[in-house]
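Enquirer: got a predicted structure plus its sequence, pasted below:
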Number of protein chains: 2
Amino acid sequence: MKKNNKKIDWRSICPISSSLDVLGDKWSLLIIRDLIIHESRTYSQFLESPEQIATNILASRLNLLSHLKLIERVNLKSASRNNAYQLTKGGEALKPIIKSLGKWAGEHLSEFNPNMLKINETL
Amino acid sequence: MKKNNKKIDWRSICPISSSLDVLGDKWSLLIIRDLIIHESRTYSQFLESPEQIATNILASRLNLLSHLKLIERVNLKSASRNNAYQLTKGGEALKPIIKSLGKWAGEHLSEFNPNMLKINETL
DNA sequence: AATCTAACTTGTAAAATGCAAGTTATTAAT
DNA sequence: ATTAATAACTTGCATTTTACAAGTTAGATT
């Protein structure tokens, strides 16, 4: 039997806190970012991103994001090989938030990460 | 000599990734949230929030956020006792992003955290 | 001057992450 | 049809981060 370990620890009834209960880590929003930029991505394409996520972390995050219905397979019925992921409506709704985060970073973190690219408002 | 361990590991030149390099965890944005709601907070007031952050984590996050100039002491010159923290301009700039996150959670996570409060657009 | 307590720090256990290697099931090649 | 190649994971273990309890310190209060 496949392990489907998706019990989420909700720390409070606060929606901001709840958003961080699921997205508050260094990788989940980068997966969403890749799907914003590329529309769809396979497991091995995610591994090509410059931040170099570990394979086990990628697999567990893809699972969690799928369970939360923020991403889904392009081909809902077929096998996983060459079956890329894409954003659902819920995932798409994160687009403006992630773009704002990028804009914010360009405006307030370049002092600390001088190599960082500046982003325009439309990504 | 006080340990001032603030070397940040920038994983890439991507601004979205860079924002997560500093804010991508379960606690940093909750500290910002508390300062959005209350204007200013002392160390022990942060500990009263329902999510129950550990004291060592709180101290290290307050340090990092101060170093990044996202928060500062209300009294820049006086000692730390009863000297609350508040948002800087850079921290204030996160307000709309955090509000959007709360709104997003209310719309897309209530299925998974049924106790979660719905938030109105103006927090 | 003595006491109190807010603001931390420290030590250690538990959990999450990172890394290398291994497994499995499609797809492609012969 | 059989074999080979490889995408999509999984596993085991080392390292790092987080969590919890307890201790320390210096400025405020009595």
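Expert: Looks like it came in fine. Numbers count the residues shown, from 1 in each chain, chains lettered A, B, ... in the order given.
Enquirer: C-alpha only now, for contacts and for neighbours.
Expert: Noted.
Enquirer: which residue sits closest to A:R33, ignoring its sequence neighbours?
Expert: Distances taken as Cα to Cα, 6 or more residues apart in numbering or on different chains place A:I98 nearest to A:R33, at 7.2 Å, with adjacent residues excluded.
Enquirer: before we move on, which element is that neighbour in?
Expert: Using DSSP states H and E, A:I98 maps to helix A:95-108.
Enquirer: then A:E111?
Expert: A:E111 belongs to no helix or strand when assigned by DSSP H and E.
Enquirer: what about it? Give its phi and psi, please.
Expert: phi -60, psi -30 (degrees, to the nearest 10).
Enquirer: just the strands in chain A please.
Expert: A:40-41, A:71-73, A:85-87 (DSSP state E).
Enquirer: mind giving me the packing neighbours of the first one?
Expert: Under the contact definition 3 or more Cα pairs under 8 Å, 6 or more residues apart in numbering or on different chains; DSSP states H and E, strand A:40-41 sits against strand A:85-87.
Enquirer: and the strand it packs on, average pLDDT?
Expert: Taken as a whole, strand A:85-87 carries a mean pLDDT of 98.
Enquirer: so which of the strands of chain A is the most packed in?
Expert: strand A:85-87 (a mean of 24; mean count of other Cα atoms under 10 Å in any protein chain shown).
Enquirer: hmm, back to that, just send the strands of chain A back as TSV, with distance to A:R11 too.
Expert: Listed next are these as TSV, based on distance: least, Cα to Cα, whole Å:
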stretch	distance to A:R11
strand A:40-41	31
strand A:71-73	23
strand A:85-87	26
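Enquirer: what does chain A put close to DNA strand D?
Expert: A:2, A:42-45, A:55-56, A:59-60, A:80-84 (Cα under 7 Å from any atom of the strand).
Enquirer: got the contact list for the residue nearest to A:H108 when sequence neighbours are not counted?
Expert: With sequence-adjacent residues excluded and distances taken as Cα to Cα, 6+ apart, A:H108 is closest to B:G90, at 6.0 Å. For B:G90, the contact set (Cα atoms under 8 Å, 6 or more residues apart in numbering or on different chains) comprises A:H108, B:K69, B:L70, B:I71.
Enquirer: select from those the one having the most neighbours.
Expert: Using other Cα atoms under 10 Å in any protein chain shown as the neighbour criterion, B:I71 leads the contacts of B:G90 with 24 neighbours.
Enquirer: ok, the closest residue to that residue other than its chain neighbours - contacts?
Expert: Excluding its sequence neighbours, the residue lying closest to B:I71 (Cα to Cα, 6+ apart) is B:L87, at 4.4 Å. Neighbouring residues of B:L87 by Cα under 8 Å, 6+ apart: B:I32, B:L35, B:I36, B:E39, B:S40, B:L70, B:I71, B:E72.
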